[in-house]
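Visitor: pasting the structure only:
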């Protein structure tokens, strides 16, 4: 499932195409994906201008001049694809819709944005922009890890009340919004923290030290264009390449990259998800 860096990469790819542009036609090609689409979705989108394209956790947020916000979650295999965009100019040649092209938005600038989702675990919804923070998908989220509300005192306080393993705590979207399995493994490796260690038993120093590491790992991934694992693609259809920089994720049995360490990367399962770590470097 795309994590925060992947979604931010898609947002950045879509921004020059969608922000400031009007949706001249919305083609809704099925009744819903993971959940039913909102009532009159095509009518509510057609004619609306996109004022701002933002991100909250793993959700894309398109604020419209109609006073509504289009919420999009990519699910496991969702892709936002752009056609009609070449060398910074738009034209009107678009490929015929494919089987899994479920929502097609034609923009007034000639670009077409298509939500393609073979597994149909993605989602789209519309809500009043003024009430976005109270939406059922948004209100449960913790602070953004790259935002000002996420700092050392906040994380220290959040973790000291959690008796779960540190990896489980960091995956809790109510603690940190958008941090997922891939990057939690990378964060814990850089921090030298064993993934099964109880969150509440971390010292204040080690808990506080996670904040800059989380920011660094996510920042590097965003600049590299996301991880490109499985079905993920950037908005322009190109693969990301941060997976080449993974130090532990997906490297079971391979040598640890830490200089002087003779250990190998291990894999265990936590809450149904694979965890990769070095037993020598992480305590």
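Guide: Structure's in. What do you need? Just so it is clear, the model here is predicted, and its values are computed rather than measured.
Visitor: what's around residue 5, how many residues?
Guide: Counted with other C-beta atoms under 10 Å, the neighbours of residue 5 add up to 25. The way it works is simple: take the backbone N, C-alpha and C, and place the C-beta from them, glycine included.
Visitor: who does the host helix or strand of it touch, helix- and strand-wise?
Guide: In this structure, residue 5 sits in helix 4-18 according to DSSP states H and E. Other elements packing on helix 4-18 under the criterion 3 or more C-beta pairs under 8 Å, 6 or more residues apart in numbering; DSSP states H and E are strand 50-56, strand 59-64, strand 79-83, strand 101-107, strand 112-116, helix 204-224.
Visitor: relative to strand 101-107, how tilted is the first one?
Guide: It stands for strand 50-56. Angle, strand 50-56 to strand 101-107, by axes from the mean of the first three to the mean of the last three C-alpha atoms, to 10 degrees: 140 degrees.
Visitor: how about the last one?
Guide: Per the same axes, to 10 degrees, the angle that helix 204-224 makes with strand 101-107 is 70 degrees.
Visitor: what comes into contact with helix 204-224?
Guide: The list of residues contacting helix 204-224 from outside it, by C-beta atoms under 8 Å, 6 or more residues apart in numbering, reads 4-5, 8-9, 145-146, 150-152, 155-156, 159-160, 170, 176, 179, 183, 186-187, 190-191, 193, 199, 227, 240-242, 245.
Visitor: and for the fifth one?
Guide: With contact meaning C-beta under 8 Å, 6+ apart, strand 112-116 is reached by 14, 17-18, 72, 78-84, 94, 97-98, 100-107, 122, 124.
Visitor: are any of these buried, and if so which?
Guide: Of the members of the contacts of strand 112-116, the ones counted as buried by neighbours, 16 or more other C-beta atoms under 10 Å, are 14, 17-18, 72, 78-84, 100-107, 122, 124.
Visitor: pLDDT value on residue 223, please?
Guide: At residue 223, the pLDDT value in this model is 83.
Visitor: quick one: it from residue 9, how far?
Guide: 9 Å (C-beta to C-beta, to the nearest Å).
Visitor: the more surrounded of the two?
Guide: A direct count of neighbours by other C-beta under 10 Å for residue 223 and residue 9 places residue 9 higher, at 28 against 11.
Visitor: that one contacts residue 225, correct?
Guide: Yes - in this structure residue 9 lies within contact range of residue 225 using C-beta atoms under 8 Å: 5.2 Å.
Visitor: now stretch 116-124: average pLDDT?
Guide: Stretch 116-124 comes out at a mean pLDDT of 94.
Visitor: that one spans what distance, first to last residue?
Guide: Terminal residues of stretch 116-124 are spaced 12 Å apart (C-alpha to C-alpha, to the nearest Å).
Visitor: check which helices and strands the strand or helix carrying residue 277 is in contact with.
Guide: Using DSSP H and E, residue 277 sits within strand 273-278. Strand 273-278 makes packing contacts with helix 181-191, strand 265-270 when contacts are defined by 3+ C-beta pairs under 8 Å, 6+ apart.
Visitor: quick one: buried residues of that strand?
Guide: Across strand 273-278, burial judged by 16+ other C-beta under 10 Å covers 275-278.
Visitor: which ones are touching the nearest residue to residue 115 once chain neighbours are set aside?
Guide: With C-beta to C-beta, 6 or more residues apart in numbering as the criterion, residue 115 has its nearest non-adjacent residue at 4.1 Å, and that residue is residue 103. Residues near residue 103 by C-beta under 8 Å, 6+ apart: 26-29, 114-115, 124.
Visitor: any idea how far residue 38 is from residue 103?
Guide: According to C-beta to C-beta, residue 103 stands 12 Å off from residue 38.
Visitor: could you name every residue contacting both of these two?
Guide: With C-beta under 8 Å, 6+ apart, residue 103 and residue 38 have common neighbours residue 124.
Visitor: relative to residue 159, how far out is the closest residue in space to residue 19 that isn't next to it in sequence?
Guide: Excluding the flanking residues, the one nearest residue 19 by C-beta to C-beta, 6+ apart is residue 53, at 5.3 Å. Per C-beta to C-beta, residue 53 is found 33 Å from residue 159.
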